[in-house]
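A.B. asks: how would this look folded up:
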Amino acid sequence: MKTKWGAAFQVAAVYVGTVVGAGFATGREIVEFFSRFGIFGLIGILMSGYILIYMGSKLMRIAASIGAQSYEQMNEHLFGRFFGKLINLLMLVMLLGVCSVMLSGAGAVFEEQLGLTKSFGVFLTIALSLAVMAVGIKGIFAVNTFVVPMMILFSLILFSLSVRLPGFMEQVLFIPYAEDGWKAVVAPFSYTALNLALAQAVLVPVAAEIKDDNTVKWGGILGGLALTLILLASHLTLIMLPGFEGFDIPMAVIMKQLASSLYGIFVLIVYGEIFTSVIGNIFGLERQIQKYMTLPTVLVVTVLFLICYLISLVHYGTLLSILYPVFGYISLTFIILLWMKPVPAK
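C.D. replies: Residues are numbered from 1 along each chain as shown. So this is what the prediction gives:
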């Protein structure tokens, strides 16, 4: 079957836009899982890249072939009906937690980088999300197809500037001391498990809508490659920032130091990435809740945003460093079963 490359690139953009959320775009997530482990973090990124390419593609191919309309159906296919329902309940909690991190990250952008209040950033994000969600899945496609290429471009610009800094290779090969150094071994698996388990909230309905196996397969491959490229470029940039663990948005701090003329645009791109993830998560959650009870979409989305807002009041860095690793370990079962499950034959 002929691959529809336009649709494949759109799927890839949605994949990248869903995974590259607040933690990824700001650099905090990459610091937490990889950069603080030095050369071992770099090895972990390469392993993660392979898993994101292979598993992301497989996830969407299975979803398209079984016609899964939501992550609930996907999890029941992987875990069976009884355990699938338990996993879906857990996913609901995880998606709410991650959406709260996204909102907190949006507030952190306004607070740390723009000198405005965190509350202003959070409420603006909620208002814009409601506007885009009114358009539906086409709105998610439109936002991602603009923001994702810009994110890749800026990551490569920062990387090209970092490579020229003195002591670059020394930093790449550096092995820092970390009390929890054992996490460097688990990180590639917990990181990809977390991101794929959560991304299915958006990727499953998208794959079901596209239907074509070759298109979703190449969408997954291209999306995984783009994510690997951004991960590598971001890591090799972050390690050149002294004390990178002390910043909420280290990528913006580096941009301010290395290319101040592009700083304003970059902050907008980072915000755009956080924004696409908020939309993606709320979209997935709203679809899931509608399976259990028929309620007006506006009511469901409003209640979801209210819960996420209350959790987002916790400091962004604290919220991410606690929730993301825990959710990553919980998601390991998901990625193991996804790896074991064959793509159903047509």
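
A.B. asks: For stretch 336-346, C-alpha coordinates in CSV please.
C.D. replies: This file holds the C-alpha atoms of stretch 336-346, laid out as CSV (Å, rounded to 0.1, in the frame of the first residue of the first chain):
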residue,chain,number,x,y,z
ILE,A,336,7.0,-4.6,27.9
LEU,A,337,3.5,-5.8,26.8
LEU,A,338,3.6,-3.5,23.8
TRP,A,339,6.9,-5.0,22.8
MET,A,340,5.5,-8.6,23.2
LYS,A,341,2.3,-8.0,21.3
PRO,A,342,2.4,-8.6,17.5
VAL,A,343,0.8,-6.2,15.0
PRO,A,344,-2.4,-8.0,13.9
ALA,A,345,-2.3,-9.3,10.3
LYS,A,346,-4.7,-7.6,7.9
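
A.B. asks: So what touches that stretch?
C.D. replies: When contacts are defined by CB atoms under 8 Å, 6 or more residues apart in numbering, stretch 336-346 is touched by residues 55, 58-59, 61-62, 65-66, 77-79, 196, 213. Every residue, glycine included, has its C-beta placed from N, CA and C.

A.B. asks: Longest helix in the chain, by number of residues?
C.D. replies: Using DSSP state H, we find that the single longest helix of the chain is helix 263-292.

A.B. asks: Run the chain-centre distance for that helix.
C.D. replies: 9 Å (CA atoms, centre = their mean, to the nearest Å).

A.B. asks: ok, then the element right after it?
C.D. replies: Later in the chain than helix 263-292, the nearest helix or strand by DSSP states H and E is helix 297-312.

A.B. asks: Which secondary structure elements does the helix or strand following that next one sit against?
C.D. replies: Toward the C-terminus, helix 297-312 is succeeded by helix 316-330 as the next helix or strand (DSSP H and E). The contact analysis (3 or more CB pairs under 8 Å, 6 or more residues apart in numbering; DSSP states H and E) places helix 316-330 against helix 22-26, helix 28-33, helix 81-108, helix 183-210.

A.B. asks: returning to what we had before: lowest-confidence member of the contacts of stretch 336-346, which is it?
C.D. replies: Among these, residue 213 carries the lowest pLDDT, at 78.

A.B. asks: Can you list phi and psi of it for me?
C.D. replies: phi -60, psi -50 (degrees, to the nearest 10).

A.B. asks: Let me know whether it touches residue 63 as I believe.
C.D. replies: No - the pair residue 213 / residue 63 is not scored as a contact, 10.7 Å apart, by CB atoms under 8 Å.

A.B. asks: Need phi/psi at residue 121.
C.D. replies: Here residue 121 shows phi and psi, under degrees, to the nearest 10, equal to phi -60, psi -40.

A.B. asks: Would you confirm that it contacts residue 109?
C.D. replies: Yes - under the criterion of CB under 8 Å, residue 121 makes contact with residue 109 at 6.1 Å.

A.B. asks: Do you have the helices of the stretch 101-250 of the chain handy? List them.
C.D. replies: 118-133, 137-163, 168-173, 183-210, 213-238, 250-258 (DSSP state H, counting those that start in this stretch).

A.B. asks: helices or strands next to the fifth one in the packing?
C.D. replies: The one in question is helix 213-238. Where contact means 3+ CB pairs under 8 Å, 6+ apart, helix 213-238 is packed against helix 5-19, helix 28-33, helix 39-66, helix 137-163, helix 183-210, helix 250-258.

A.B. asks: Identify each buried residue in it, please.
C.D. replies: 213, 215-238 (16 or more other CB atoms under 10 Å).

A.B. asks: can you give me the offset of that helix from its chain's centre?
C.D. replies: 12 Å.

A.B. asks: Run the angle between it and helix 183-210 for me.
C.D. replies: 150 degrees (axes from the mean of the first three to the mean of the last three CA atoms, to 10 degrees).

A.B. asks: now do the last one
C.D. replies: With the same axes, to 10 degrees as the criterion, the two stretches helix 250-258 and helix 183-210 enclose an angle of 100 degrees.

A.B. asks: Return the set of buried residues in helix 250-258.
C.D. replies: In helix 250-258, counting by 16+ other CB under 10 Å, buried: 250-256, 258.

A.B. asks: per-residue pLDDT, residue 137?
C.D. replies: Confidence score, pLDDT, at residue 137: 58.

A.B. asks: same question, residue 51
C.D. replies: At residue 51, pLDDT is 91.

A.B. asks: With residue 203 instead?
C.D. replies: 84.

A.B. asks: ok, it touching residue 58?
C.D. replies: No - assessed by CB under 8 Å, residue 203 is found out of contact with residue 58, at 11.0 Å.

A.B. asks: For the two, work out which one has more neighbours and name it.
C.D. replies: residue 203 (28 against 19; other CB atoms under 10 Å).
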